[in-house]
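Chemist: following is a predicted model, sequence given first.
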Amino acid sequence: MNIFLCSTVRHLLFSLLKAIKQPDEKNIVCMICDQQNIDKNNFDVSCLPRNIEVVFFNRSDLRKKIYSGFQGNLIKLIANYKITLTSILQKKIADLVFNQALAVNLTIDELSSAKLYLYNDRNKVSRLFRLAFDDYHLIDEGLGNYSGKPLKAYEKLISFISGSKKQKRFFGDDERCKSISLVNAKKAPGALKDKVKQIDFINTESINDYCYDFFKISTDIQPQCVLATQPLESSDIDMAIYKKIILACQKNNFTVAIKPHPREDISRYLTEFPGILLIESKIPLELLIFKANQNINILSIYSSAGLGFEDYSTSLKVIEDNELENINVLFSQWRKDLNLVDSRLDRLFIKLNKQLDIL
């Protein structure tokens, strides 16, 4: 049996695709609703194979059921410090989380033999789920799998004292993580190479047979360019950049639609871009890529949207992956002179037009 923990619609899509490829195994897909304001009524679970069950839940409800009283506070403390428990305690926590809190109704034998699949292995719900298992497996989360995050000051000190040369943290660098499935395994960090394998469960047949119905996609949107937005800390400048991207599309005679990030308030886009098509934010962009009859160009500031779907789309970013460590410097420069973005967009559309000429 396999248990998946999802917090985004992209996670949900990938979990379903992997579960569909495992028809002889029971698959439980646990979907957090309150991180991206997901409404479970927007999905048709009846279309899925019988071996796949999707459980929708809110983090707040889970915390109330698990972290109450002395026992709950103790579990929370243990989860925060990544302590490995005995098999007896693991079974008790598994029963508490999956049977009592999530009402999945699994036998102890099923829980004991289950494989746990995570995306972000450091968030609070992941740390709770990890308490019920000896180890776990990771599936592609996005940029965090490839670029990593620099160690904090105290982490650098600990690393130095221990004699480690580690300078960054990556999803899956915990010793309890046994494998990491990535959409682009060749770009995996060297420190994780031994764990990494190429994702092999993304295919058109599974998407056509189940995923369009599950996500209730009936639209025939066929824009040449899709602007993939993202929730940025520098939100004072993102809208100005989006305006420049859309103007560049129109200048180059490309039809364009906006795909808001699921965590964003779409009202800001309805107000700023009343004449531009807005794609439902809770639909994974990857599904639209497969549905299109032509190669879709995904434009963004630095989003990982479309990662792994390069055979069906072209990703064009204002800020390249190798520049992400200097992102605050770039935003600071653009606040002083937003025209600096124009030269980057010019290069992107020269590249895009050349690709079209080749096709």
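Modeler: Sure, I can see it. Keep in mind that this is a model prediction, so the values were computed, not measured.

Chemist: ok, the residue lying closest to Phe57 once chain neighbours are set aside to Arg268 distance?
Modeler: Distances taken as CB to CB, 6 or more residues apart in numbering place Leu102 nearest to Phe57, at 5.8 Å, with adjacent residues excluded. Where C-beta positions appear, they are placed from N, C-alpha and C, glycine not excepted. As judged by CB to CB, to the nearest Å, Leu102 and Arg268 stand 34 Å apart.

Chemist: the more surrounded of these two?
Modeler: Using other CB atoms under 10 Å, the more surrounded residue of Leu102 and Arg268 is Leu102, with 18 against 15.

Chemist: hang on, the more buried one packs against Val55?
Modeler: Yes. Contact criterion CB atoms under 8 Å: Leu102 and Val55 qualify, at 5.4 Å.

Chemist: list of residues touching stretch 57-77?
Modeler: 30-35, 93, 96-97, 100-102, 124-125, 128, 131 (CB atoms under 8 Å, 6 or more residues apart in numbering).

Chemist: distance between the ends of stretch 253-270?
Modeler: End-to-end distance of stretch 253-270 (CA to CA, to the nearest Å): 22 Å.

Chemist: which residues are contacting it?
Modeler: 8-9, 35-38, 221-231, 239, 242, 246, 249-250, 273, 276-279, 281-282, 285, 288, 297, 299, 303, 305, 352.

Chemist: thinking again about what came up before, tell me the contacts of the residue nearest to Phe57?
Modeler: 30, 55, 57, 62.

Chemist: ok, and the most crowded of the residues you listed?
Modeler: Among the contacts of Leu102, the one with the most neighbours (other CB under 10 Å) is Cys30, at 23 neighbours.

Chemist: and it, that's in a strand?
Modeler: Yes. Counting by DSSP: H, G, I helix; E, B strand; the rest coil, Cys30 is located in a strand.

Chemist: quick one: contacts for it?
Modeler: Per CB under 8 Å, 6+ apart, neighbours of Cys30: 3-6, 55, 57, 102, 129.

Chemist: reformat those residues as CSV; add distance to Arg176, secondary structure and pLDDT.
Modeler: Output for these, formatted as CSV (distance: CB to CB, whole Å; DSSP: H, G, I helix; E, B strand; the rest coil; pLDDT from 0 to 100):
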residue, distance to Arg176, secondary structure, pLDDT
Ile3, 15, strand, 98
Phe4, 17, strand, 98
Leu5, 15, strand, 98
Cys6, 20, strand, 97
Val55, 23, strand, 97
Phe57, 24, strand, 97
Leu102, 22, coil, 96
Phe129, 12, helix, 96
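
Chemist: buried residues, the helix or strand containing Val329. List them.
Modeler: Here Val329, judged by DSSP states H and E, is contained in helix 327-336. By 16 or more other CB atoms under 10 Å, the buried positions in helix 327-336 come out as 330-331, 334.
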